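S.K.: fold the following for me, if possible:
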Amino acid sequence: MIVEVEHQRQGVDLIKIDNDETKIIFTNYGARVVSWKYHDNNIVLGNVVEADEFYHSNPFKFGASIGRYSGRIDNAKFKLQGKEYQLEKKTANIIYMVDVMVWTISYLIMKLEMKLLKIKVIFKNGVEIS
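M.R.: From the prediction side, this is the model:
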């Protein structure tokens with residue numbers, strides 16, 4: 001498995017993860033998935049492009065992992081395939097414009113075959129979301 005971080009302009013990074021079958025590219029601009037290919041099939045609409053050029057002018061928010069309803073899961077719990085998941089409850093409701101912010105890559109962990117990418121943004125009032 002190959003992991004590469006490509007620094008672009010204006011603090012924007014591309015994080016590329018490739019494991020022969022799947023290639024996924026994230027950007028810290030809006031916590032987006034830029035490209036996701038499985039055996040050369042595009043999973044996400046998007047191309048391998050200069051992220052800081054493409055996303056500023058793209059009104060459709062392709063690949064955005066955070067949207068206008070982020071943080072609005074009722075009672076911070078949900079059920080998936082019969083299993084109930086409890087999330088950490090957030091008291092602040094300030095999830096606005098996060099799809100156009102440059103997030104900080106807080107850590108990129110590589111252990112054996114597992115990869116974990118965590119990104120976060122800290123607002124001026126000190127509230128942090130990740």
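S.K.: give the residue spans of this structure that score low on pLDDT.
M.R.: For the chain, the stretches with pLDDT under 70 are 44-72, 90-130.
S.K.: in the host helix or strand of Ser35, what's buried?
M.R.: Using DSSP states H and E, Ser35 sits within strand 32-38. Using 16 or more other Cβ atoms under 10 Å as the test for burial, strand 32-38 gives Arg32, Val33, Val34, Ser35, Trp36, Lys37. All C-beta atoms are positioned from the backbone trio N, CA, C, and that covers glycine.
S.K.: the strand or helix carrying Glu6 - contacts with which helices or strands?
M.R.: Here Glu6 sits within strand 2-7, counting by DSSP H and E. In terms of contacts (3 or more Cβ pairs under 8 Å, 6 or more residues apart in numbering; DSSP states H and E), strand 2-7 is packed against strand 13-18, strand 104-111.
S.K.: could you find the closest non-adjacent residue to Val3?
M.R.: Here the nearest residue to Val3 in space, its sequence neighbours aside, is Ile17; by Cβ to Cβ, 6 or more residues apart in numbering that works out to 5.3 Å.
S.K.: with Thr22 instead?
M.R.: Once flanking residues are discounted, Thr22 sits nearest to Tyr38: 5.1 Å by Cβ to Cβ, 6+ apart.
S.K.: would you confirm that that neighbour contacts Glu21?
M.R.: Yes - judged on Cβ atoms under 8 Å, Tyr38 makes contact with Glu21 at a distance of 6.4 Å.
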